[in-house]
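K.L.:
My questions concern the predicted model and sequence given below.
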Amino acid sequence: MTGARAAAGRLAGLGPAGPDEMGRELAEGPAAVEGTLAEARRLAPDLAAAWEAAGRIVLLGTGASLAMSRAAEPVLRVAAARDRARPVLVRESSHAVLGAPDGEELRPDDLAIAVSQSGASPETVAAAHAARSAGARILAVTADGSSALASTADLVLVTPSGHEEGAATKSELTALAALLALAGALPTHPAAVAGLRGALEALVADTGGALPAGGVLGRARRAWIVGFGTGLGLAIATATLLHEKALLAAIATTPSEFRHGPIEVATSDDVVVLVETDAPDPRRDAYLGRLAAELGQIGTPLVVTGAMDVPPMAIALPAPAPTATRPRSGVPPPGRAGVAGGPAPDAAILLTTLLRLQQAARVAAHARGTYRDGFRILRDIVLAADLAGAP
């Protein structure tokens, strides 16, 4: 059997909810998002008080949690500046303990938002302790309300993603939903949340929508995942999934960084995935159109997902945003996203785009024949060292 026929055979049995663990967990993601937003609604007064009291917003995380913090950062930044100037910083958790590159220290007026699905990441737990020592207020975003991270926090937003064996899919969706709700960019009233869950479930059922892009990724020698703003955080998360499940070398960067150097090594055996999620901007559209034309000249396949119109010859990874998902004025969120002089990004498209990218990574792993439940090194070596207290 040829490689192409073998890949087709593996994909033929790939349903929207299995038979692999990653597929089943993707199918559970919409309900977990609904539960997260219900919890954000329950905690709304406490979240609003913590938000309004903060001098700075500092997000702490590592791995997928850090990627979701980076995806939410632009939306949080807009919300933080709505009524007064408040910086928003994103920190890889170890920076809070071992030193940040910019030299910024944690401060007593910070709201430190520590994100960890398990609540047991040693770097993030240590960062929360460092924030506590600095006098900062701590908000833990975690699936385990009894975890070590939760025990250090002043406030805990539980994201009901549960245990994951396939990959960090549910936890990515719920962490991102929690941060967007905190910024007031996603509604928490039940009717709109139910609509968002329905839209996500429709995407889960449409596995075929991810097949063309996932197939191209499955055949690639190397992947370049590029995006500006919120798209960069989703690009980083996608690169991690491709490393973990497809065993595919994937590099996440901005389109401009890619064009100035890395493009020299891109070939027709590679693939570029352009993640575009922000509000329309003619200047950015023209710039990204230039990138698409350059890739056409060198023969590198291009996958486009998110809010951008698909250029000729590119492969679409459609991720439509649900309608009627903006917060109602009667629901007082901690902050409202809005860009002075321009439209606010639709936060719901971040969730739908993330889900589509997760589906494409799953398809790529099966097309390559590399998919396995669990992890060969992360769980057996890295986490084992963490539990043993190794440096």
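P.N.:
Looks like it arrived, so ask away. Please read these numbers as outputs of a predicted model, since none were measured by experiment. Numbers count the residues shown, from 1 in each chain.

K.L.:
Show the average pLDDT along stretch 76-91.
P.N.:
The average pLDDT for stretch 76-91 rounds to 88.

K.L.:
List the buried residues for that stretch?
P.N.:
Of the residues in stretch 76-91, 76-81, 86, 88-91 count as buried by neighbour count, 16 or more other Cβ atoms under 10 Å. Every residue, glycine included, has its C-beta placed from N, CA and C.

K.L.:
Just give me the closest of those to T240.
P.N.:
Nearest to T240 among the buried residues of stretch 76-91, counting by Cβ to Cβ, is V90 at 15.8 Å.

K.L.:
Who are the contact partners of the closest one?
P.N.:
58-59, 66, 69-70, 73 (Cβ atoms under 8 Å, 6 or more residues apart in numbering).

K.L.:
Please settle this for me: is it part of a strand?
P.N.:
Yes - according to DSSP: H, G, I helix; E, B strand; the rest coil, V90 belongs to a strand.

K.L.:
any idea how far the closest residue to P87 other than its chain neighbours lies from F228?
P.N.:
Nearest residue to P87 in three dimensions, chain neighbours excluded: R56, at 4.8 Å (Cβ to Cβ, 6 or more residues apart in numbering). According to Cβ to Cβ, to the nearest Å, R56 stands 24 Å off from F228.

K.L.:
Tell me which of those two has more neighbours.
P.N.:
F228 (20 against 17; other Cβ atoms under 10 Å).

K.L.:
Pretty sure the more buried one sits against D281.
P.N.:
No - F228 is beyond contact range of D281, at 9.2 Å (criterion: Cβ atoms under 8 Å).

K.L.:
how close does D373 sit to A64?
P.N.:
The gap separating D373 from A64 is 17 Å, by Cβ to Cβ.

K.L.:
Likewise for L89?
P.N.:
In terms of Cβ to Cβ, L89 sits 19 Å off from A64.

K.L.:
can you pull out the strands in the protein?
P.N.:
56-61, 88-92, 110-115, 137-142, 155-158, 222-227, 250-253, 270-276, 302-306, 315-317 (DSSP state E).

K.L.:
Distance to E21 added to these, as JSON lines?
P.N.:
Output for those, formatted as JSON lines (distance: least, Cβ to Cβ, whole Å):
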{"stretch": "strand 56-61", "distance to E21": "23"}
{"stretch": "strand 88-92", "distance to E21": "28"}
{"stretch": "strand 110-115", "distance to E21": "23"}
{"stretch": "strand 137-142", "distance to E21": "21"}
{"stretch": "strand 155-158", "distance to E21": "22"}
{"stretch": "strand 222-227", "distance to E21": "23"}
{"stretch": "strand 250-253", "distance to E21": "21"}
{"stretch": "strand 270-276", "distance to E21": "24"}
{"stretch": "strand 302-306", "distance to E21": "24"}
{"stretch": "strand 315-317", "distance to E21": "22"}
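
K.L.:
Mind checking these for the one nearest to A192?
P.N.:
For A192, the closest of the strands of the chain is strand 155-158, at 18.5 Å, according to Cβ to Cβ.

K.L.:
how about the closest one: buried residues?
P.N.:
Quick answer for strand 155-158 (16+ other Cβ under 10 Å): 155-158.

K.L.:
Just list the residues touching M313, thanks.
P.N.:
Going by Cβ under 8 Å, 6+ apart, M313 touches 296, 302.

K.L.:
Looking at it now. What's its pLDDT?
P.N.:
If you check M313, the pLDDT there is 82.

K.L.:
please begin residue numbering at 723 from this point
P.N.:
Got it, first residue is 723 now, which makes that one M1035.

K.L.:
Tell me how far it lies from Q1019.
P.N.:
Distance from M1035 to Q1019, counting by Cβ to Cβ: 11 Å.

K.L.:
Looking at D1095 and A786, which is more packed in?
P.N.:
With neighbours defined as other Cβ under 10 Å, D1095 and A786 compare such that A786 has more, 24 against 13.
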